[in-house]
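> using only what follows, build the 3D model:
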Amino acid sequence: MKTYLFDTFRFNDQANRQMLAKIKTLPEPEACVRYFSHLINSQNKWLARIEQRPGYADMSWWEPVYALADLEAEWAASLDAWLHFLDPLPATALDAYVPFTGYDGAVWEARIVDIALQLNYHSIHHRAQMQPFIRAQGLEPDFIDYIGTRYRRVG
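So this is what the prediction gives:
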């Protein structure tokens, strides 16, 4: 599972960077910038929850909205933080439950592996939401499906 998580984080990194390159060409990138910022904030908030950082419960899923010029560095920092968190963990630690304060003030818990999977699947979800914004501005979205990183021509 640990290998799968790292592979999935790497795939999402590649796809998100490709999406960011497209966003930078948009005449009106604001909606996509908001979703991309949300992906960064989500990674940051979930890691803060796991590490029980002071103030994590007050962190926003949607704020800040980063400047377009800052998205690449902010994305890299949020991804690196996750990879550095996961790297030293033994595979058995991925099944550990971590408590956190939820949206309603109650204490909840989730397994580390499920949080990491959520973040990666969440990236796929929001990239799909950004595609219509790109099309509406007269551009063709890039092909960033997972299979596009795996298939090969044989004939």
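
> can you pull out the helices in this structure?
2-23, 30-50, 71-86, 112-136 (DSSP state H).

> now residue 101: closest residue in space, sequence neighbours ignored.
Take residue 101 and drop its neighbours on the chain: the residue closest to it by C-beta to C-beta, 6 or more residues apart in numbering is residue 57, 4.2 Å away. C-beta coordinates here come from the backbone N, C-alpha and C atoms, glycine included.

> show the contacting residues for residue 145.
By C-beta atoms under 8 Å, 6 or more residues apart in numbering, the contact list for residue 145 is empty.

> residue 105 is nearest to which of the helices of the chain?
Closest approach to residue 105 among those (C-beta to C-beta): helix 30-50, 13.8 Å.

> where does pLDDT dip in the chain?
In the prediction, the chain carries no residues with pLDDT under 70.

> residue farthest from the centroid of it?
residue 155 (35.8 Å; C-alpha atoms, centre = their mean).

> picking that back up, contacts only, for the residue nearest to residue 101.
Residue 57 sits next to 100, 101, 105 when contact means C-beta under 8 Å, 6+ apart.

> from residue 38, how far out is it?
As judged by C-beta to C-beta, to the nearest Å, residue 57 and residue 38 stand 18 Å apart.

> same check on residue 106?
Counting by C-beta to C-beta - residue 106 and residue 38 are separated by 23 Å.

> the two: which is more packed in?
Using other C-beta atoms under 10 Å as the criterion, residue 106 and residue 38 rank with residue 38 on top: 18 against 8.

> how much space between the more buried one and residue 150?
For residue 38, the distance to residue 150 - C-beta to C-beta - is 27 Å.

> residue 96 now?
Residue 96 is 31 Å from residue 150, by C-beta to C-beta.

> kindly report the same for residue 114.
According to C-beta to C-beta, residue 114 and residue 150 sit 24 Å apart.

> also residue 111?
Distance, residue 111 to residue 150, by C-beta to C-beta: 27 Å.

> between the two, which one's more packed in?
residue 111 (14 against 8).

> beta partners of that one?
residue 97 (DSSP bridges).

> ignoring the adjacent residues along the chain, who's closest to residue 51?
residue 85 (7.7 Å).

> wait, I meant residue 78
Nearest to residue 78 is residue 43, by C-beta to C-beta, 6+ apart, at 4.0 Å.
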